[in-house]
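[1] Based on what follows, work out the 3D shape:
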Amino acid sequence: MSRIAVRRALVSVWDKTGLIEFARRLVDAGVELVSSGGTSRELEAAGLPFTTVAEVTGAPEMLGGRVKTLHPMIHGAILADLGNADHRDDLYDRGITPIQLVVSNLYPFEATVAQESVSEAEAIEQIDIGGPTLIRAAAKNHAWVGVVTSPDQYEAVAAAVAEGGLDTELRRDLARSAFFRTASYDAAVVGWLEREQFPPLRSVLALERRAELRYGENPHQAAAAFALVGGTSWWQEMRQLQGKEMSFNNYLDTEAAWRMVHQFDDPAVAVVKHANPCGLAIAGSIADAFTAAWDCDPLSAFGSVIALNRPLDTETAERISVAGFVEVIISSAIEHDAREILGKKKNLRLLETVAADPADPDMRQIEGGFVVQERDRVESRNADWEIVSSHRPGPVEWRDLEFALKVVTNAKSNAIVVAKGGAAIGVGAGDQSRVGAAERALRRAGDRAVGAVAASDAFLPFRDGLDVLAEAGIVAVIEPGGSVRDEEVVAAAEEHGIALVFTGRRHFRH
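    Numbers count the residues shown, from 1 in each chain. Model prediction:
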């Protein structure tokens, strides 16, 4: 049947947004309303006619409203397959009038548990039972019933009812939305019940497509961006001020860059390519941080993403505008004059958004599932750090060692970072050999390596890596330690007269 005329509608909603206008349009189209609880009181106050659920069922609400619509007179009216003669006979024998439209949205469980002070009892009370049951029943029987789960759907449904009824395509679309709503609601409940341990024993992911992308990593791959229902993130909150549509690779590089700069309290700028830092620096101003970050590796910075942990001001915009080709710039705010300067680059994507969430778990898909971990937290200098050489870092070297460690944690393994003056001057990332990573970092640093420090994301397995760094002029190295050849590495540090610090913690990133 292509179109179902709506003669009777059950209306039971928590969110009353737009309810009265919608209900009035249904009544004007000749629809009988059946309602209960707070919804019926809203209808009554608006002077709209309705029949109470208790009048239909012959059973008053009980258990403080927990039980009101859970009754054969309601669910029989929703679930009946009117193309089945036995079902029609059952309705006739019991005096049940079919319902063609169910309008229901759910208790605000997600909003309730988001409050820090919510009690266990308050959260449990906001787990809706009747609403999901009504919604699922109507969605299952969408051949004969339409189901509305959001005020956003009121206009389309009201218009369809006035035009003669709900067609097959609309009912099916409403059913898909309805099942997704109950699924995401249950996912929120599971997440809350599993909240006290990480990783949880069970996890249900409700994902909603938020953007269709031009293509994936390559033009022949279809792609889209999906958001966790109920979650927030920098990309869901971002405002794109100009430029082309964000691509799959843009999202990944911007995510990496945005997280990098939010490790630092000082003004910081990250320049990222293929999710690896090709420049990162802190400075007294965001403009100076940009210059130092860009100078790390200007060649690799071509087509990069730039993230700033301070508003993008005019001076910084002017420096960026003459530096080279950039794909994306992201900041918490972009000043008007800065936007005017960068507006000349029409394809440059300018993004404003909120800070990254450091507590968000790191989830990566593998075939048939996911691996999940806590995000790597880079510690500042602490009691676990051990100076294993006779040469000790001075105050300047300590500052650069801490900085370099934070940078190397964001580079793909194997990774070595060379830093000086609060800036990365050479990054070797994604190398199968740690010596190879050191050589690449030093090649980028050039003569600047003299007097610089270096960080390694994992232990130096042989002394050859430290030899390479020392010969280039590195004066201090920080690494986890823990190799069976640590003694050889320490001996090499002594021979070269450099400071060596073991942190006791590895920072692989794959």
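
[2] what pLDDT does Gly65 get?
    Gly65 is assigned 67 on the pLDDT scale.

[3] Show me this structure divided up by domain.
    3-193, 207-352, 386-502 (automatic domain parsing).

[4] Please tabulate those domains in CSV, including the columns mean neighbour count and distance to Pro200.
    C-beta: built from backbone N, CA, C; applies to glycine. Written out in CSV, the entries for the domains of the chain read as follows (neighbours: other C-beta atoms under 10 Å; distance: least, C-beta to C-beta, whole Å):
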stretch, mean neighbour count, distance to Pro200
domain 3-193, 17, 8
domain 207-352, 19, 14
domain 386-502, 21, 25
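
[5] And the helices in the stretch 201-350 of the chain, which stretches?
    234-237, 248-261, 286-296, 314-323, 336-342 (DSSP state H, counting those that start in this stretch).

[6] of all those, which lies closest to Ser177?
    helix 234-237 (19.2 Å; C-beta to C-beta).

[7] Please name every helix or strand in contact with the closest one.
    Using 3 or more C-beta pairs under 8 Å, 6 or more residues apart in numbering; DSSP states H and E, the elements in contact with helix 234-237 are helix 248-261.

[8] and for the helix it packs on, what are the contacting residues?
    213, 215-217, 221, 223, 225, 234-235, 246, 268-277, 280, 304-309, 327-328, 330, 349, 351, 353, 356, 358, 407, 410 (C-beta atoms under 8 Å, 6 or more residues apart in numbering).

[9] what's the spacing between the spatially most central residue of the chain and Ala211?
    Compute the mean C-alpha point of the chain, and by C-alpha atoms, centre = their mean the closest residue is Ser233, 4.3 Å away. To Ala211, Ser233 is 12 Å away according to C-beta to C-beta, to the nearest Å.

[10] who touches both of those two?
    With C-beta under 8 Å, 6+ apart, Ser233 and Ala211 have no common neighbours.

[11] re earlier: any chance of the domains of the chain in CSV, plus distance to Asp362?
    Formatted as CSV, those follow (distance: least, C-beta to C-beta, whole Å):
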stretch, distance to Asp362
domain 3-193, 17
domain 207-352, 10
domain 386-502, 12
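
[12] Now the element after the one helix or strand in the chain whose mean pLDDT sits lowest, going C-ward?
    Least confident helix or strand, the chain: helix 53-57 with a mean of 83, by mean pLDDT, DSSP states H and E. With elements assigned by DSSP states H and E, the helix or strand that comes after helix 53-57 is helix 72-79.

[13] quick one, longest helix in the chain?
    Longest helix of the chain, by residue count under DSSP state H: helix 168-193.

[14] returning to that earlier point: nearest to Leu201, of the domains of the chain?
    Judging these by C-beta to C-beta, what sits closest to Leu201 is domain 3-193, at 9.9 Å.

[15] quick one: the closest one to chain centroid distance?
    Averaging C-alpha positions (C-alpha atoms, centre = their mean, to the nearest Å) puts domain 3-193 31 Å from its chain's average.

[16] so what secondary structure elements neighbour the longest helix of the chain?
    Packed next to helix 168-193, using 3+ C-beta pairs under 8 Å, 6+ apart, are helix 109-113, helix 130-140, strand 146-148, helix 154-162.

[17] what about those, which gets the closest to Val31?
    So among these, helix 154-162 is nearest, using C-beta to C-beta, at 6.6 Å.

[18] Contacts for the closest one next, please.
    Residues contacting helix 154-162 (C-beta under 8 Å, 6+ apart): 6, 18, 21-22, 25-26, 28-29, 31, 101, 146, 148, 166-167, 170, 174.

[19] follow-up on the earlier one: dump the least confident helix or strand of the chain to PDB, keeping only the CA atoms.
    Extracted in PDB, the C-alpha atoms of helix 53-57 (Å, rounded to 0.1, in the frame of the first residue of the first chain):
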ATOM      1  CA  VAL A  53      -4.800   6.400  27.100                       C
ATOM      2  CA  ALA A  54      -6.700   5.400  30.300                       C
ATOM      3  CA  GLU A  55     -10.000   5.900  28.400                       C
ATOM      4  CA  VAL A  56      -8.700   3.600  25.700                       C
ATOM      5  CA  THR A  57      -7.300   0.900  27.900                       C
END
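
[20] which stretches of the stretch 1-150 of the chain have low pLDDT?
    Applying pLDDT under 70 to the stretch 1-150 of the chain picks out residues 1, 62, 64-65, 68.

[21] pLDDT below threshold where in this structure?
    In the chain, residues with pLDDT under 70: 1, 62, 64-65, 68.

[22] possible to save the helices and strands packed on helix 168-193 as CSV with distance to Glu397?
    Below are the helices and strands packed on helix 168-193 laid out as CSV (distance: least, C-beta to C-beta, whole Å):
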stretch, distance to Glu397
helix 109-113, 47
helix 130-140, 60
strand 146-148, 65
helix 154-162, 65
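
[23] of these, which approaches Ala445 most closely?
    Per C-beta to C-beta, nearest to Ala445 of the helices and strands packed on helix 168-193: helix 109-113, 49.2 Å.

[24] Can you pull out the residues in contact with the closest one?
    Against helix 109-113 from outside (C-beta under 8 Å, 6+ apart): 118, 122-123, 126-128, 185, 188-189, 192, 230.

[25] Show me which pair in those is furthest apart.
    Every pair of the contacts of helix 109-113 checked by C-beta to C-beta; the farthest is Glu122 and Gly230, at 17.6 Å.

[26] ok but Ala493 is inside a strand, no?
    No: counting by DSSP: H, G, I helix; E, B strand; the rest coil, Ala493 falls outside a strand, being helix.

[27] For the residue lying closest to it once chain neighbours are set aside, what is the enclosing helix or strand?
    Sequence neighbours aside, Leu500 is the residue nearest to Ala493 in space, at 4.0 Å (criterion: C-beta to C-beta, 6 or more residues apart in numbering). Under the criterion of DSSP H and E, Leu500 resides in strand 499-502.

[28] Tell me the neighbouring strands of that strand, and mark each as parallel or antiparallel.
    strand 386-387 (antiparallel), strand 476-479 (parallel) (DSSP bridges).

[29] do you know which of the ones you listed lies nearest Ala46?
    Nearest of those (C-beta to C-beta): strand 476-479, 68.8 Å.

[30] now the host helix or strand of Arg399: how far from the chain's centre is it?
    When elements are assigned from DSSP H and E, Arg399 belongs to helix 395-409. Centroid separation for helix 395-409 versus its chain: 29 Å, with C-alpha atoms, centre = their mean.

[31] Against which helices or strands is that helix packed?
    strand 276-282, strand 416-420, strand 423-428, strand 453-456, strand 476-479.

[32] give me that answer again for 7 Å
    Packing partners of helix 395-409 (3 or more C-beta pairs under 7 Å, 6 or more residues apart in numbering; DSSP states H and E): strand 276-282, strand 416-420, strand 453-456, strand 476-479.

[33] Would you mind pulling the contact partners of the helix or strand following the third one?
    Proceeding C-terminally, strand 453-456 gives way to helix 463-471 as the next helix or strand, assigned by DSSP H and E. Residues from elsewhere that reach helix 463-471, judged by C-beta atoms under 7 Å, 6 or more residues apart in numbering: 434-435, 438-439, 442, 454, 460, 477, 488-489, 492-493, 496, 498.

[34] run the last query once more with 6 Å
    With contact meaning C-beta atoms under 6 Å, 6 or more residues apart in numbering, helix 463-471 is reached by 434-435, 438, 454, 460, 488-489, 492, 496, 498.

[35] How much space separates Asn309 from Ala333?
    Counting by C-beta to C-beta, the gap from Asn309 to Ala333 is 11 Å.

[36] make that Asp376, sorry
    Counting by C-beta to C-beta, the gap from Asp376 to Ala333 is 28 Å.

[37] what's near enough to touch the residue nearest to Thr316 when sequence neighbours are not counted?
    Nearest residue to Thr316 in three dimensions, chain neighbours excluded: Ala287, at 4.3 Å (C-beta to C-beta, 6+ apart). Contacts for Ala287 (C-beta under 6 Å, 6+ apart) come out as 315-316, 319.
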